[in-house]
Each structure stands twice: as structure tokens, then as C-alpha cells.
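# Here is my input; please provide its structure:
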Amino acid sequence: MRRINVTLPEETIRLMNRVAGKGQRSRLVDRAVRQYVQSLGRAQLSRALETGAQDRADRDLDLVAEWFDLDREAWPSNAR
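Predicted structure coming up:
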């Protein structure tokens, strides 16, 4: 553990005191920061996946069109 000084608005301290006593504030801040950073990571990953999918959409549609006839030949409709 390491001690740091943090300055917070009075309203934030009141909120903290509602859910954590004086001996538990450090634990509350630790959990809140970890949860916040984790949620940022998820949001960034989600944005990256969405952007990647959009960037590759035309390529993927071209691949589907290219392979469609081959797939139909490999799996004739009467064999289904």
C-alpha cells in the first residue's frame, strides 16, 4: 500500500461517507477506480471491434459473394 493525497469536491466526500466509514474510504476509492478503468477498457474494446467490423464490411461481403457458388456446389440442395 502507498499513501497519496487526493482532493475531492465536498459533495463527493459526502457521497463516500454515505456508503463507507472513515476506515473504509480507501477501499471504496480503490474499488471505484478499478471498476471505472475496467469499464473504460470494455468500452474501448467494443468501439475497436465495431470500427474494425465496419472497416472490413465491404471485404467480407466480397468474400461471401466469391465463395457462395463454391459453397453451393459443395452442399447441393438435394443433399440437405
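
# For the residue nearest to the spatial centre of the chain, which three-state class applies?
Residue closest to the average C-alpha location in the chain (Cα atoms, centre = their mean): residue 42, at 1.5 Å. Per DSSP: H, G, I helix; E, B strand; the rest coil, the local secondary structure of residue 42 is helix.

# give the contact list for it.
For residue 42, the contact set (Cβ atoms under 8 Å, 6 or more residues apart in numbering) is empty. Heads up, the C-betas are built off the backbone N, CA and C, glycines and all.

# mind checking how far it is from residue 33?
15 Å (Cβ to Cβ, to the nearest Å).

# remind me which residues of this protein are low pLDDT?
78-80 (pLDDT under 70).

# Please enumerate the helices of it.
10-19, 25-74 (DSSP state H).

# closest to residue 3 out of the ones you listed?
Closest to residue 3 of those, according to Cβ to Cβ: helix 25-74, at 8.9 Å.

# what angle separates the closest one from helix 10-19?
Interaxial angle of helix 25-74 relative to helix 10-19 (axes from the mean of the first three to the mean of the last three Cα atoms, to 10 degrees): 90 degrees.
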